[in-house]
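Asks: Give me the fold of what follows.
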Amino acid sequence: MSYTSFRSLSSEVCVIRNKGSICAMRQGSIILFTMMLLVIHAFSQRPAFAVKAGLSQGNVGMCDPLSQFENKFNIGIHTGVNTDIPVAPRMTVQSELQYAMFGAVYTSGDQKARYKTNYLLLPVMAKYSLDNGLSFLCGPQGGVLVRAKSVIAGRRYDLRDDMKKTDFFLVFGVNYKLQNGIGLGFRYQHGLMKVENGAAMSLKNRGFSVNVSYHLGNGSRNLLDKLF
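Replies: Next up is the predicted model:
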């Protein structure tokens with residue numbers, strides 16, 4: 001499997017750089033900048049803080065039923081911090097800053113290629129909490145590409161120049177918080193933008209993740225106020 005065939009994920013796919021892809025990149029940058037302002041505003045409102053880490057299963061969805069590749073999940077990790085700002089009874093706005101791994105594993109016969117991407121993620125989600133510690137989340141998420149690599153037949157390639165630098169997701173999740181401040185979470189992330197520049201095939205990020213979080217108490221929040 002050559003680097004060129006993997007990058008396009010099919011021999012029929014060609015790389016076409018046009019004004020449409022440039023326009024989409026500008027729109028993604030504007031959306032991401034707006035979400036970044038929302039996250040900065042959230043961190044300035046003395047919210048409740050939490051730290052989290054967990055495992056993620058990334059995949060790049062291919063809208064091509066005739067593709068010769070079998071598409072499998074790539075396992076990675078994610079970590080980050082989040083804030084909760086109350087806006088109504090049982091309702092909060094949860095803003096986060098995360099570093100997360102996506103990607104996929106493609107196989108065709110005895111050939112295998114692993115595709116790895118790392119993103120800085122900025123989700124801003126509505127959160128509805130129940131009295132029993134269960135909560136549900138939904139909202140948009142911006143992403144900035146940090147790293148993009150592939151491993152084909154033991155050889156490594158840098159794909160960052162072939163990838164779009166931003167992505168935009170819809171996120172759905174469920175959390176359970178224990179009384180000691182430890183939380184467990186599950187999340188699905190559905191990418192809305194093509195990840196490769198100019199690809200004829202529609203390639204979009206998908207991801208499942210599980211995480212463990214720890215919600216900081218008032219003492220920890222006061223310490224953060226003094227530091228920042």
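Asks: so where do the strands sit in this protein?
Replies: For the chain, strands defined by DSSP state E occupy the ranges 48-62, 70-88, 91-108, 111-129, 134-152, 155-158, 166-177, 182-194, 203-215.
Asks: Can you lay out those strands as CSV showing mean pLDDT?
Replies: Converted to CSV, those look like this (pLDDT from 0 to 100):
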stretch, mean pLDDT
strand 48-62, 85
strand 70-88, 86
strand 91-108, 88
strand 111-129, 91
strand 134-152, 92
strand 155-158, 88
strand 166-177, 95
strand 182-194, 93
strand 203-215, 91
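Asks: Mind putting the ones you listed into TSV with mean neighbour count?
Replies: C-beta coordinates here come from the backbone N, C-alpha and C atoms, glycine included. Output for those, formatted as TSV (neighbours: other C-beta atoms under 10 Å):
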stretch	mean neighbour count
strand 48-62	19
strand 70-88	16
strand 91-108	20
strand 111-129	20
strand 134-152	18
strand 155-158	11
strand 166-177	18
strand 182-194	18
strand 203-215	19
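Asks: partners of the nearest residue to Asn205 once chain neighbours are set aside in the sheet?
Replies: Of all residues not flanking Asn205 in the chain, Gly191 sits nearest, at 3.3 Å (C-beta to C-beta, 6 or more residues apart in numbering). Under DSSP bridges, the beta-bridge partners of Gly191 are Phe169.
Asks: What sits closest to Ala100 if chain neighbours are left out?
Replies: Ala100's closest residue in space is His78 (C-beta to C-beta, 6+ apart), at 3.7 Å.
Asks: what's around Leu178, how many residues?
Replies: 10 (other C-beta atoms under 10 Å).
Asks: you'd agree it is up against Gly133?
Replies: Yes. Taking contacts as C-beta atoms under 8 Å, Leu178 lies within contact range of Gly133: 6.6 Å.
Asks: returning to what we had before: who's in contact with the residue nearest to Asn205?
Replies: By C-beta atoms under 8 Å, 6 or more residues apart in numbering, the residues touching Gly191 are Gly61, Asp167, Phe168, Phe169, Lys204, Asn205, Arg206, Gly207.
Asks: Distance of it relative to Tyr128?
Replies: 24 Å (C-beta to C-beta, to the nearest Å).
Asks: same deal with Val212?
Replies: 21 Å.
Asks: Same question for Asn118.
Replies: Counting by C-beta to C-beta, the gap from Asn118 to Tyr128 is 30 Å.
Asks: and what of Tyr115?
Replies: 35 Å.
Asks: swap in Ser56?
Replies: 24 Å.
Asks: again with Thr117
Replies: Here the criterion is C-beta to C-beta. By it, Thr117 lies 31 Å from Tyr128.
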